[in-house]
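Participant: predicted model and sequence follow; I will ask about them next.
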Amino acid sequence: MAAQESTTDRRRLKIIAGADSFGCDLKDALVAHLRSLNIDVHDLGTDKYYSVGSQIGSLVSSAAADTSVETRGLLACGTGVGVSIFANKFPGVYAATCTSLADAQNARSINNSNVLSLSGKSTSPELAIEILSTWLNTPFKSPCPASNSEPWPNEIESFLDNSVTEMSKIGSESDKLGDSCAICDLVKSREFADVEIMPGGSMKIVRETPTSAIVRFKAGSVEPAHHHTFGHDLIVMKGSKRVWNLSKKEKYDLGVGDFLFTPAGDVHRVKYFEDTEFFIRWDGHWDIFLDEDIATANAALEKEV
């Protein structure tokens, strides 16, 4: 079990809550629970998912200057993912989508999460209350499932301390990360392996099953139509690309910060307009099945233009 904080051991706590129409019932249940604990709650109500995520991100970010109050955010939408992405666009906001108690412990211990995002479609009010309680009462750097419930080694604890300092600068005018940035140092040390069946692509697996990876493609590269056994989420970190979901007859232009989910089995083709890097997470192990060769893909793209 992670070490627990009581509300008397920290600054006065304030929670800013909001949801879209898919998460409003869950949010209302959690707001009622928080108020039963005499926790100060500012309920923004229900709005479009991108709007409420941005509102809470902005309010939590601006509240950081008030050292007398610890302001955190609570969000709910259909999946819990969309609102957290928009909240995370603000400096000093660390929104985490949590679907289990372990997620909540890890998000607080490792990431010092200050915004909790929940799925209104897949999380029951009873489980959500447990997740919220765990998230509220787990201190930063405490033992958690990710540390096998053991104290963090000194070098990891030092990295966590440095990462919070550096992350707080991201998005601000003083965002001038140098060689001492702990996060950038990790990126520099990554070794990427070529994706042999996708010329111009390279990938670094950072977690196995469910798989997470950082992927790079050179400008002009093309991914021929293919599909995967499992669905996947991706967020563009650098560059731009176009994705054709051939199964759904839809296409998406993605730039830095854009998110896309591709369901399991959907056949999709990709074109990279510039050197591009993105984070991708599959719901299970990574695999790939080609549905066309590169020549067929290029011919199809010529017709598209």
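Facilitator: Structure's in. What do you need?
Participant: immediately after the lowest-mean-pLDDT helix or strand in the chain, which helix or strand?
Facilitator: Every helix and strand in the chain was compared by mean pLDDT, DSSP states H and E; the lowest is helix 182-188, with a mean of 51. Where DSSP states H and E defines the elements, the next helix or strand beyond helix 182-188 is strand 193-194.
Participant: got the contact list for the closest residue in space to residue 22 that isn't next to it in sequence?
Facilitator: Distances taken as Cβ to Cβ, 6 or more residues apart in numbering place residue 78 nearest to residue 22, at 3.6 Å, with adjacent residues excluded. Heads up, the C-betas are built off the backbone N, CA and C, glycines and all. For residue 78, the contact set (Cβ atoms under 8 Å, 6 or more residues apart in numbering) comprises 20, 22-23, 49, 119-121.
Participant: tell me how far the nearest residue to residue 247 once chain neighbours are set aside lies from residue 284.
Facilitator: Spatially, and ignoring its direct neighbours in sequence, residue 247 is nearest to residue 266 (4.3 Å; Cβ to Cβ, 6+ apart). Distance, residue 266 to residue 284, using Cβ to Cβ, to the nearest Å: 15 Å.
Participant: where exactly do the helices run in this protein?
Facilitator: Here the chain has its helices, by DSSP state H, at 24-36, 49-63, 82-87, 101-111, 125-137, 154-167, 182-188, 294-304.
Participant: helices and strands around the third one, which ones?
Facilitator: To tie it back to what came earlier, the one meant is helix 82-87. Helix 82-87 sits against helix 49-63, strand 69-77, strand 95-97, strand 115-119, with contacts defined as 3 or more Cβ pairs under 8 Å, 6 or more residues apart in numbering; DSSP states H and E.
Participant: picking up where we left off before, looking at the contacts of residue 78, which one is closest to residue 58?
Facilitator: Checking the contacts of residue 78 against residue 58 with Cβ to Cβ, the nearest one is residue 49 at 15.0 Å.
Participant: tell me the pLDDT at that closest one?
Facilitator: Per-residue confidence at residue 49 stands at 69 (pLDDT).
Participant: residue 9 now?
Facilitator: pLDDT, residue 9: 48.
Participant: could you list the low-pLDDT ranges of the stretch 201-305 of the chain?
Facilitator: Across the stretch 201-305 of the chain, the ranges flagged by pLDDT under 70 are 305.
Participant: what residue spans form the domains of the protein?
Facilitator: Here the domain parsing of the chain from automatic domain parsing is 7-147, 154-186, 190-304.
Participant: which one of the ones you listed is the most hemmed in?
Facilitator: Ranked by mean neighbour count, the domains of the chain are led by domain 7-147 with a mean of 19 (mean count of other Cβ atoms under 10 Å).
Participant: what's the offset of it from the middle of its chain?
Facilitator: 13 Å (Cα atoms, centre = their mean, to the nearest Å).
Participant: now for residue 84: which residues touch it?
Facilitator: Contacts of residue 84 by Cβ under 8 Å, 6+ apart are 53, 75, 95-97, 115, 117.
Participant: among those residues, which pair sits farthest apart?
Facilitator: 53 and 96, at 12.9 Å, using Cβ to Cβ across the contacts of residue 84.
Participant: returning to that earlier point: any idea how far the residue nearest to residue 22 lies from residue 284?
Facilitator: Taking Cβ to Cβ, one finds residue 78 at 21 Å from residue 284.
Participant: ok, residue 230 next?
Facilitator: For residue 230 relative to residue 284 (Cβ to Cβ), the value is 4 Å.
Participant: joint contacts of these two?
Facilitator: Joint contacts of residue 230 and residue 284 (Cβ under 8 Å, 6+ apart) are residue 210.
Participant: beta partners for the closest residue in space to residue 35 that isn't next to it in sequence?
Facilitator: Distances taken as Cβ to Cβ, 6+ apart put residue 41 closest to residue 35, at 5.7 Å, once the chain neighbours are dropped. Note on residue 41: beta-bridge partners by DSSP bridges are residue 15.
Participant: for residue 41, list the residues it contacts.
Facilitator: For residue 41, counting by Cβ under 8 Å, 6+ apart, the contacting residues are 14-17, 31, 34-35.
Participant: swap in 10 Å and give it another go.
Facilitator: Contact analysis of residue 41 by Cβ atoms under 10 Å, 6 or more residues apart in numbering lists 13-17, 30-35, 74.
Participant: pLDDT score for it?
Facilitator: On the pLDDT scale, residue 41 gets 96.
Participant: ditto for the one 4 residues further on
Facilitator: In the predicted model, residue 45 carries a pLDDT score of 91.
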